[in-house]
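**Q** Need coordinates for the below:
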Amino acid sequence: MSERMPVLYNKKPCYDIVFTQSFRALWEELDALGCQEKRLCIVTDSKVDELYGEELLGLLEGKCRKAVKHVFPCGEENKTLDTVKDIYKFLIAEGFDRKDMLLALGGGVTGDITGYAAATFLRGIDYVQIPTTLLAQADSSIGGKTGVDFDGYKNMVGAFKMPRLVYMNLEVLRTLEERQYFAGFAEVMKHGLIKDAVFYEWLIENMYEICERDLDVLQEMMMRSCTVKRLVVEKDPTEQGDRALLNFGHTIGHAIEKAKGFELYHGECVALGAVAAAYISWKRELLTMEEYYEVRDMFVPFYLPISVDNIDPQEILRLTKSDKKMESGNIKFVLLKKIGKAVLDRTVTDEEILAAIEEIYFSEEDAHA
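**A** Reported below is the predicted structural model:
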């Protein structure tokens with residue numbers, strides 16, 4: 001059964017998130033956006049294209065003015081301006097104009113690249129998010145943040161561009177490899193930790209069904225997770241205040257992601273960063289010791305890491321300084337005041353960050369011990 005959630009922008013309806021368990025209703029949704037007279041371009045990566053590219057193209061052909069597909073190589077290393085340039089060239093060759101639309105079919109990389117291309121091609125054309133990973137459904141497809149990495153720095157170039165629709169087919173989560181699925185779960189857990197303690201408890205109570213990918217449970221999970229994200233982005237659409245709370249776990253997480261050459265998935269790094277942030281929260285006596293260890297250990301049943309090896313803690317600290325969340329030389333760090341309530345803090349010291357990195361660092365000495 002389909003459900004929908006409207007998202008506001010400046011207190012006015014902007015787009016809907018549709019939760020469903022197939023692609024069958026996609027054209028009906030696009031039809032409602034006036035796509036009969038539009039050229040539509042599916043932008044997807046090589047891996048997702050093999051799974052769903054032709055199926056979606058078949059749903060569109062003959063219903064709109066023109067339906068085409070642009071495929072780029074999969075992988076975070078392709079989240080660059082060069083990939084965006086290739087999209088521009090393809091759209092120009094296919095005769096796209098400002099009345100046409102892009103469809104981002106894939107994970108967070110695809111959504112961010114396509115959104116940025118839409119924000120900048122001809123000074124802006126419409127796009128739709130069709131997220132196919134848990135991470136993209138829980139986080140990156142909602143809220144209009146788009147962008148690409150630059151010289152290895154995450155999302156350093158970007159723009160805010162709201163989609164016309166977010167279409168979530170929960171059934172696609174069953175095709176995800178296990179590691180990628182659980183990496184996406186880190187963003188779901190994050191939403192409970194920063195804003196909704198009841199949802200956090202619900203995740204723990206439904207651990208078995210989530211791990212088994214029960215579709216009805218996944219639909220409820222995504223509705224509740226996206227409610228947290230929706231409320232935050234509606235209140236602060238361009239990250240001037242509360243939206244920065246969504247960066248819980250990301251400051252140290254992004255640094256680890258870069259230091260490890262993106263061999264760890266984004267969600268795995270967020271889990272590590274969340275443990276580190278919870279550690280600082282405990283040391284500041286915002287969380288009790290029991291709460292810290294619960295937060296840390298609750299990532300384990302969902303196959304997420306709580307320690308990392310082969311890193312240089314000093315390098316991770318240095319990389320946090322190049323994070324885009326820096327403000328006047330200080331990091332806007334997100335801490336937990338309690339489970340279900342996050343706070344922004346600009347006073348976290350290098351010593352506190354380094355201690356938190358050491359807490360999650362599994363060194364050679366630890367291995368020998």
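**Q** and Glu268, what does it touch?
**A** 183, 186, 304-305 (C-beta atoms under 8 Å, 6 or more residues apart in numbering). Quick note: C-beta positions are derived from backbone N, CA and C, even for glycine.
**Q** So which of those residues are in helices?
**A** Secondary-structure check on the contacts of Glu268 using DSSP state H: residues within helices are 183, 186.
**Q** between the contacts of Glu268, which is closest to Gln36?
**A** When the contacts of Glu268 are ranked by distance to Gln36 (C-beta to C-beta), Ala183 comes first, at 38.0 Å.
**Q** which one of the contacts of Glu268 has the most neighbours?
**A** Ranked by the number of neighbours (other C-beta atoms under 10 Å), the contacts of Glu268 place Ala186 first, at 28 neighbours.
**Q** measure stretch 156-171 end to end?
**A** Stretch 156-171 has its terminal residues 32 Å apart, counting by C-alpha to C-alpha, to the nearest Å.
**Q** again, but for stretch 70-83
**A** End-to-end distance for stretch 70-83, by C-alpha to C-alpha: 11 Å.
**Q** Pull out the buried positions in that stretch.
**A** With burial defined by 16 or more other C-beta atoms under 10 Å, the residues of stretch 70-83 counted as buried are 70-72, 74, 76, 78-80, 83.
**Q** which residues sit against it?
**A** For stretch 70-83, the surrounding residues in contact (C-beta under 8 Å, 6+ apart) are 41-49, 53, 86-87, 90-91, 109, 112-113, 148-150, 157, 262, 266.
**Q** I'd like the list of the buried residues of stretch 70-83 that fall within helices, please.
**A** The helices, defined by DSSP H, take in Thr83 from the buried residues of stretch 70-83.
**Q** May I see the buried residues of stretch 70-83 arranged in TSV, with distance to Lys161 and pLDDT as well?
**A** Putting those into TSV (distance: C-beta to C-beta, whole Å; pLDDT from 0 to 100) gives the following:
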residue	distance to Lys161	pLDDT
His70	18	98
Val71	22	98
Phe72	19	98
Cys74	22	94
Glu76	20	87
Asn78	20	94
Lys79	16	95
Thr80	18	95
Thr83	17	97
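**Q** quick one: which of the contacts of Glu268 is nearest to Ala136?
**A** Closest to Ala136 out of the contacts of Glu268 is Ala183 (11.2 Å), distances taken as C-beta to C-beta.
**Q** Check which helix or strand the residue nearest to the closest one when sequence neighbours are not counted maps to.
**A** The shortest distance from Ala183 to any residue other than its chain neighbours is 3.2 Å, reached at Gly267 (C-beta to C-beta, 6 or more residues apart in numbering). Element membership for Gly267 (DSSP states H and E) is helix 266-283.
**Q** which is the next helix or strand following that helix?
**A** Next in line after helix 266-283, if elements are assigned by DSSP H and E, sits helix 289-297.
**Q** just how off-centre is that following helix within its chain?
**A** Taking the mean C-alpha point of helix 289-297 and that of its whole chain, the gap between them comes to 24 Å (C-alpha atoms, centre = their mean, to the nearest Å).
**Q** now the angle between helix 266-283 and that helix, please.
**A** For helix 289-297 and helix 266-283, the angle between their directions (axes from the mean of the first three to the mean of the last three C-alpha atoms, to 10 degrees) works out to 170 degrees.
**Q** follow-up on the earlier one: for the helix holding Gly267, which positions count as buried?
**A** Residues of helix 266-283 classed as buried: 266-282 (neighbour count, 16+ other C-beta under 10 Å).
**Q** how about Val109, what does it touch?
**A** 45, 74-76, 78-79.
**Q** ok, those residues vs Ile252, which is closest?
**A** In terms of C-beta to C-beta, no member of these lies closer to Ile252 than Glu76, at 17.9 Å.
**Q** how close does that closest one get to Pro305?
**A** The span separating Glu76 from Pro305 equals 17 Å under the rule C-beta to C-beta, to the nearest Å.
**Q** With Asp82 instead?
**A** Using C-beta to C-beta, one obtains 31 Å as the distance from Asp82 to Pro305.
**Q** Just list what the longest helix belonging to the chain packs against, helices and strands only.
**A** Of all the segments of type helix in the chain, defined by DSSP H, the longest one is helix 215-235. The helices and strands touching helix 215-235, judged by 3 or more C-beta pairs under 8 Å, 6 or more residues apart in numbering; DSSP states H and E, are strand 3-9, strand 12-20, helix 178-195, helix 197-205, helix 207-212.
**Q** Lowest-scoring secondary structure element of this protein by mean pLDDT?
**A** Counting by mean pLDDT, DSSP states H and E, the weakest-scoring helix or strand in the chain turns out to be strand 326-327, with a mean of 62.
**Q** Please state the mean pLDDT value computed over the very next helix or strand once past it.
**A** Following strand 326-327 in sequence order, the next helix or strand is strand 330-331 (DSSP H and E). When the per-residue pLDDT values of strand 330-331 are averaged, the result is 80.
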